[in-house]
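Novice: here is the input, now give the coordinates:
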Amino acid sequence: MAEDLLRKLSDDQTLETAEKLNVRHDRTLTGFWRAVVIVFGTIVIVLGINKVFNLRFLVDFHMFNFSLYYIVFGLLLAASFLKYPVKAHLKEPWATRLFWVDAFLCFLCVAMFAYFSWHGQEIIVEGWSRFAPLEAKILAAIAWILTLESIRRIFGPTLFSVIALVSFYPLFAEHMPGFLEGIGSSFDATATFHMLSPQSAIGLLLRTYIEIVLGFVLFGIVVVETGGGAFFLNLALALVGRMRGGTAKVAVVSSAMFGSINGQPMVNVLTTGAVTIPAMKKSGFEPHIAGAVEVCASTAGTFTPPIMGITAFVMASFLNMPYSAIALAAAIPAFLYYFGLYIQVDGYAVKNGLKGQDRKDLPSFWETLKTGWFYIPGTLVLIYYLFWERKIGISAFAGSACILVLSQLSREARLSWRKLLVFLENAAGSLVDLMVVIGGVGMLVGVFALSGIGVSFARELMNFSGGNLAWLLILSAIAGLVMGMGMTLLAVYIFLAVVLAPALVMAGVPELSAHMFILYVGMLSYITPPIAMAAFPAAVLARTSPMRVAVSAARMGAGKYLLPFLFVLDPALLLIGTTAEIVTAFVTTLFGMFVISAALEGYMLGVGALWPGRGGRSLGGSTYHGFALRMVLVVAGILCALPWISYKMTGFAVIAVLLLPLIGLKVFRKAKDSEAAVTV
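Specialist: Have a look, this model is predicted:
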């Protein structure tokens with residue numbers, strides 16, 4: 001079922017979506033130039049495998065990592081100029097003329113970074129970041145500018161403007177007022193620091209990319225290219241398609257499963273949303289609600305174990321802790337997020353009388369497993385290496401290899417020579433996009449190290465908040481939402497991790513909680529008006545207003561905005577604490593999220609309607625009484641979720657006082673109706 005819909009919608013509708021969003025298109029490369037991109041990407045993959053598995057292929061490069069970093073960065077930066085034109089939709093003859101300029105830039109990148117790689121050991125040992133020869137300074141400046149240009153081509157003006165401005169910051173840092181004042185540097189000193197220092201573009205983030213992220217990018221592409229999108233959609237249809245509001249619940253379940261692998265909200269919306277949004281509309285969901293459900297479900301994939309998004313791997317490197325610890329810490333908040341969204345979807349379905357789909361229209365659960373059974377051992381292999389062996393880099397490659405080998409037993413998923421080339425081309429494209437943003441964000445980190453602005457900013461933020469944790473958290477959340485408007489989640493996280501995380505730690509927040517808070521609020525920027533980037537592709541698919549989708553997404557499961565504050569105030573939600581503390585926090589917060597979500601949507605399982613006068617009797621009373629009841633329940637649910645026992649008991653008491661009479665009234669009316677029916 002999902003295969004046919006995906007096949008029908010993917011090409012035409014994705015192209016239409018891209019055009020309406022004014023997204024930059026990749027160049028369509030053929031022949032020699034397509035082969036160049038594929039070869040560059042394949043070399044990077046081979047080098048990554050060589051590094052992760054310690055194969056000692058090309059011994060010199062293996063032994064000195066900095067040379068390896070330059071090779072990977074240079075090849076992918078070079079490929080970006082072939083893949084992305086200087087301007088979208090160029091007409092002839094300028095398209096051809098500028099292509100040759102881009103081809104020149106491609107080979108210039110290869111030559112420059114070959115030079116850097118050849119001198120990799122000298123760059124570190126002799127301190128070229130401060131004492132580079134003249135030719136290295138010139139090449140570093142050119143590489144800096146070309147990296148910024150590649151960011152502009154791929155990610156547009158917003159991210160380019162932020163990274164460009166910050167990367168040039170050391171040139172005028174000493175002239176800035178107040179806490180923005182930093183240590184100044186000349187143009188050539190800044191350029192050499194960015195490109196010849198292990199603290200900027202060619203540093204920790206690049207190492208994380210090669211040793212960890214590259215493997216998980218390949219794993220995601222393997223899942224997609226072997227039909228994983230259709231498999232997860234069919235699996236969700238088989239599991240929850242018959243329930244009321246089933247199409248929306250399919251969106252929640254399938255996007256959670258696929259998003260945890262993909263980790264990119266907008267890509268997830270376009271992949272699963274191409275099927276789920278039209279299906280939701282057809283079953284009776286309003287267009288903006290259908291888009292909002294998909295946006296909420298897709299966005300949280302980047303926070304959902306076992307894989308999450310690439311930002312989580314960067315966080316592991318920042319915190320110098322196993323990724324498995326971060327994935328486990330995210331488990332309860334991710335579950336609570338989807339639980340709240342599921343409750344609101346269910347309430348909306350009841351209010352609007354939406355039924356599930358007929359069994360005959362749904363795929364069989366067992367038939368679905370027969371077509372995609374090989375994803376199960378592949379995922380288990382990945383989880384085994386990830387959580388038991390704690391070999392993060394190996395886990396992704398092992399899982400990918402398992403799926404690729406076993407999928408050859410399936411005629412539909414089997415890789416032909418043509419599919420293999422498409423796979424390598426898509427892999428190269430994804431690696432290029434991530435490498436460029438890694439390089440740009442690495443420069444943000446470098447600027448804070450070079451100018452010393454990070455420490456002073458955190459100190460001033462603490463002074464501004466007066467040491468009040470609640471006020472500091474609110475300021476941090478606002479900063480995360482604002483920074484996320486038009487920027488990638490990785491860029492938002494790293495910027496805030498350098499600027500805000502130290503202030504949160506100074507205020508007594510555990511380091512893991514501080515970084516998880518920043519990651520979560522950065523993720524929420526994708527669904528928060530007025531930008532809400534994930535709402536735009538969903539709005540195009542739903543054929544409605546992006547702002548209506550964004551506002552509805554912010555309302556759907558609105559308890560998700562409470563979660564980051566809860567797991568900072570109560571670290572037990574991140575599995576920090578005793579078993580009793582963790583269980584107590586989970587159960588009470590789960591109940592609180594249930595009450596909040598039900599009250600916001602106006603329907604509570606076991607109680608019934610909490611809104612006035614729709615379709616007969618209302619348990620909420622008049623309009624004003626009904627809304628007052630719901631708002632009091634929201635506050636009571638928040639009290640139940642807070643970590644202090646007195647607040648929890650107050651919340652439980654308020655809920656009992658409000659709901660027990662309503663439940664009693666419902667039971668009485670049901671008994672009275674039954675008695676009347678018997679009498680008749």
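Novice: what about the helices in the stretch 501-650 of the chain?
Specialist: With helices called from DSSP state H, counting those that start in this stretch, the stretch 501-650 of the chain shows them at 501-506, 511-524, 535-542, 546-555, 563-569, 579-601, 623-641, 645-679.
Novice: list of residues touching the fourth one?
Specialist: Counting contacts by Cβ atoms under 8 Å, 6 or more residues apart in numbering, the residues outside helix 546-555 that touch it are 288-289, 291-292, 295-296, 527-532, 534-536, 538-539, 542, 561, 600. From N, CA and C alone the C-beta is placed, and that goes for glycine too.
Novice: buried only: go through the residues you listed for me.
Specialist: By neighbour count, with 16 or more other Cβ atoms under 10 Å, the contacts of helix 546-555 hold 288-289, 291-292, 295-296, 527-529, 531-532, 534-536, 538-539, 542, 561, 600 as buried.
Novice: is it true that residue 99 touches residue 85?
Specialist: Yes: in this structure, residue 99 is within contact of residue 85 by Cβ atoms under 8 Å, at 7.3 Å.
Novice: any common contacting residues for those two?
Specialist: Contact criterion Cβ under 8 Å, 6+ apart; residues shared by residue 99 and residue 85: residue 27.
Novice: which SS state does residue 357 fall under?
Specialist: Put simply, residue 357 is coil when judged by DSSP: H, G, I helix; E, B strand; the rest coil.
Novice: so, low pLDDT: which residues of the stretch 101-250 of the chain?
Specialist: Residue ranges of the stretch 101-250 of the chain with pLDDT under 70: 179.
Novice: which stretches of it form helices?
Specialist: In the stretch 101-250 of the chain, the segments counted as helices under DSSP H, counting those that start in this stretch are 120-125, 128-131, 134-155, 157-167, 187-196, 204-208, 214-225, 228-240, 246-262.
Novice: list of residues touching the second one?
Specialist: Applying Cβ under 8 Å, 6+ apart, the contact partners of helix 128-131 are 119, 122, 123, 136, 189, 192, 193, 196, 197, 199.
Novice: which element follows the helix or strand bottoming out on mean pLDDT in the chain toward the C-terminus?
Specialist: The helix or strand of the chain with the poorest confidence is helix 2-21; it has a mean of 41 (mean pLDDT, DSSP states H and E). Using DSSP states H and E, the helix or strand that follows helix 2-21 towards the C-terminus is helix 31-52.
Novice: for that next one, the distance to its chain's centre please.
Specialist: 26 Å (Cα atoms, centre = their mean, to the nearest Å).
Novice: list of residues touching it?
Specialist: Helix 31-52 has contacts (Cβ under 8 Å, 6+ apart) with 29, 55-58, 61-62, 65, 68, 71-72, 75-76, 78-79, 82-83, 103, 106, 210-211, 214-215, 218, 393-394, 397, 421, 424-425, 427-429, 431-432.
Novice: can you flag the buried ones in these?
Specialist: With burial judged by 16+ other Cβ under 10 Å, the buried subset of these is 29, 61-62, 65, 68, 71-72, 75-76, 78-79, 82-83, 106, 210-211, 214-215, 218, 393-394, 397, 424-425, 427-429, 431-432.
Novice: in helices only, show me these.
Specialist: If you go by DSSP state H, the buried ones among the contacts of helix 31-52 have 61-62, 65, 68, 71-72, 75-76, 78-79, 82-83, 106, 214-215, 218, 393-394, 397, 424-425, 427-429, 431-432 in helices.
Novice: look up how far residue 65 lies from residue 276.
Specialist: Look at residue 276 and residue 65: by Cβ to Cβ, to the nearest Å, they are 43 Å apart.
Novice: for the nearest residue to residue 288 once chain neighbours are set aside, give its distance to residue 529.
Specialist: Once flanking residues are discounted, residue 288 sits nearest to residue 548: 3.9 Å by Cβ to Cβ, 6 or more residues apart in numbering. The gap separating residue 548 from residue 529 is 10 Å, by Cβ to Cβ.
Novice: likewise for residue 77?
Specialist: 35 Å.
Novice: can you check residue 550 too?
Specialist: From residue 550 across to residue 529, the span is 4 Å (Cβ to Cβ).
Novice: where does the stretch 251-400 of the chain have low pLDDT?
Specialist: Flagging of the stretch 251-400 of the chain using pLDDT under 70 yields the residue ranges 262-263.
Novice: domain assignment for this protein?
Specialist: 2-167, 579-679 (automatic domain parsing).
Novice: take those domains and write them to JSON lines, including distance to residue 439.
Specialist: Compiled in JSON lines, the domains of the chain are given as follows (distance: least, Cβ to Cβ, whole Å):
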{"stretch": "domain 2-167", "distance to residue 439": "5"}
{"stretch": "domain 579-679", "distance to residue 439": "39"}
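Novice: out of these, nearest to residue 175?
Specialist: Closest to residue 175 of the domains of the chain is domain 2-167 (Cβ to Cβ; 14.5 Å).
Novice: not counting sequence-adjacent ones, nearest residue to the residue sitting nearest the centre point of the chain?
Specialist: What sits nearest the mean C-alpha location of the chain, by Cα atoms, centre = their mean, is residue 302, with 3.3 Å. For residue 302, ignoring the flanking residues on the chain, the nearest one in space by Cβ to Cβ, 6+ apart is residue 309 at 3.6 Å.
Novice: quick check: phi and psi at the one you found.
Specialist: The phi/psi pair for residue 309 (degrees, to the nearest 10) reads phi -100, psi 180.
Novice: if I look at it, how far off is residue 132?
Specialist: Distance from residue 309 to residue 132, by Cβ to Cβ: 35 Å.
Novice: and those two? which has more neighbours close in?
Specialist: Higher neighbour count among residue 309 and residue 132: residue 309, with 28 against 24, using other Cβ atoms under 10 Å.
Novice: ok, that one - contacts?
Specialist: Neighbours of residue 309 in contact, by Cβ under 8 Å, 6+ apart: 263, 264, 301, 302, 303, 489, 490.
Novice: was I right to think the third one contacts residue 253?
Specialist: This means residue 301. No: look at residue 301 against residue 253 with Cβ under 8 Å: they stay out of range, at 11.7 Å.
Novice: ok, these two, which is more surrounded?
Specialist: Set side by side, residue 301 and residue 253 show more neighbours around residue 301, with 27 against 22, by other Cβ under 10 Å.
Novice: what distance do you get for that one to residue 37?
Specialist: Per Cβ to Cβ, residue 301 is found 27 Å from residue 37.
Novice: and residue 319, by the same measure?
Specialist: Per Cβ to Cβ, residue 319 is found 35 Å from residue 37.
Novice: show me which of those two is the more surrounded one.
Specialist: Each of residue 319 and residue 37 had its neighbours counted (other Cβ under 10 Å), and the higher figure belongs to residue 37 (25 against 18).
Novice: in helices, which of the contacts of residue 309 fall?
Specialist: Reading helices off those with DSSP H, I get 489, 490.
Novice: got the contact list for the spatially closest residue to residue 310 that is not a sequence neighbour?
Specialist: Nearest non-adjacent residue to residue 310, counting by Cβ to Cβ, 6+ apart: residue 213, 4.8 Å away. Residue 213 makes contact with 310, 313, 314, 434, 438, according to Cβ under 8 Å, 6+ apart.
Novice: ok, 7 Å please
Specialist: By Cβ atoms under 7 Å, 6 or more residues apart in numbering, the contact list for residue 213 reads 310, 313, 434.
Novice: among these, name the ones in helices.
Specialist: Judged by DSSP H, those include 310, 313, 434 as members of helices.
Novice: give me the buried entries from those.
Specialist: Buried by 16+ other Cβ under 10 Å: 310, 313, 434, out of those.
Novice: which of the residues you listed sits closest to residue 363?
Specialist: Residue 363 has its nearest neighbour among these in residue 310, at 31.3 Å by Cβ to Cβ.
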